[in-house]
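*Asks:* Starting from these lines, generate the structure:
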Amino acid sequence: MKNVAVVGCGAYMDSGYGCPGEWRCLKAAALGEGKFTEPARVIAFVKCECPGRSAAPNLGMAVKLAGIKPDAVYLSSCLAGAKPGCPYATAEELASILKDKTGIPVILGTHDYH
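*Replies:* Numbering: from 1, shown residues only. Now for the predicted structure:
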């Protein structure tokens, strides 16, 4: 079973813009659905908080505290497909920053649930 970390959009999760929180990401990981090709163990869940500057350091700290390096980082579906989009960075830009800082592959999206 792969170990993964998920980065979610704090604004969407906290404001209820179509995302009630992390449960859909966790369900997709547990069942191997959506962007997960097999069931995965979520070892860290980090909220990206506006304007996003803390996402990489917070992910690094979560990985360090977990003591387990994830095989992949998933940007939650609410972050990767936000409408309206993030005014600070695209999902692709954030994915590039996280990959550059951690060396861990980043996947855009987690699930296809509505």
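
*Asks:* And the strands in this structure?
*Replies:* Listed in chain order, the strands of the chain (DSSP state E) span 2-9, 40-48, 72-75, 106-108.

*Asks:* Columns distance to Ala56 on top of those strands, output as a markdown table?
*Replies:* Just so you know, the C-beta spots here come from the backbone N, C-alpha and C atoms, and that holds for glycine as well. Output for those, formatted as a markdown table (distance: least, CB to CB, whole Å):
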| stretch | distance to Ala56 |
| --- | --- |
| strand 2-9 | 9 |
| strand 40-48 | 10 |
| strand 72-75 | 10 |
| strand 106-108 | 11 |
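
*Asks:* so where's this protein shaky on pLDDT?
*Replies:* Residue ranges of the chain with pLDDT under 70: 16-21.

*Asks:* follow-up on the earlier one: now render the strands of the chain as JSON lines, adding mean neighbour count and distance to Cys86.
*Replies:* Below are the strands of the chain laid out as JSON lines (neighbours: other CB atoms under 10 Å; distance: least, CB to CB, whole Å):
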{"stretch": "strand 2-9", "mean neighbour count": "23", "distance to Cys86": "7"}
{"stretch": "strand 40-48", "mean neighbour count": "21", "distance to Cys86": "8"}
{"stretch": "strand 72-75", "mean neighbour count": "24", "distance to Cys86": "11"}
{"stretch": "strand 106-108", "mean neighbour count": "18", "distance to Cys86": "13"}
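
*Asks:* Report the spatially nearest residue to Leu108, omitting neighbours in sequence.
*Replies:* Spatial nearest neighbour of Leu108, excluding adjacent residues (CB to CB, 6 or more residues apart in numbering): Ala80 at 4.2 Å.

*Asks:* list the contacts for the one you found?
*Replies:* Each residue near Ala80 by CB atoms under 8 Å, 6 or more residues apart in numbering is listed here: 91, 108-110.

*Asks:* excluding its backbone neighbours, what's nearest Phe45?
*Replies:* Per CB to CB, 6+ apart, closest to Phe45 is Val6, 5.0 Å.
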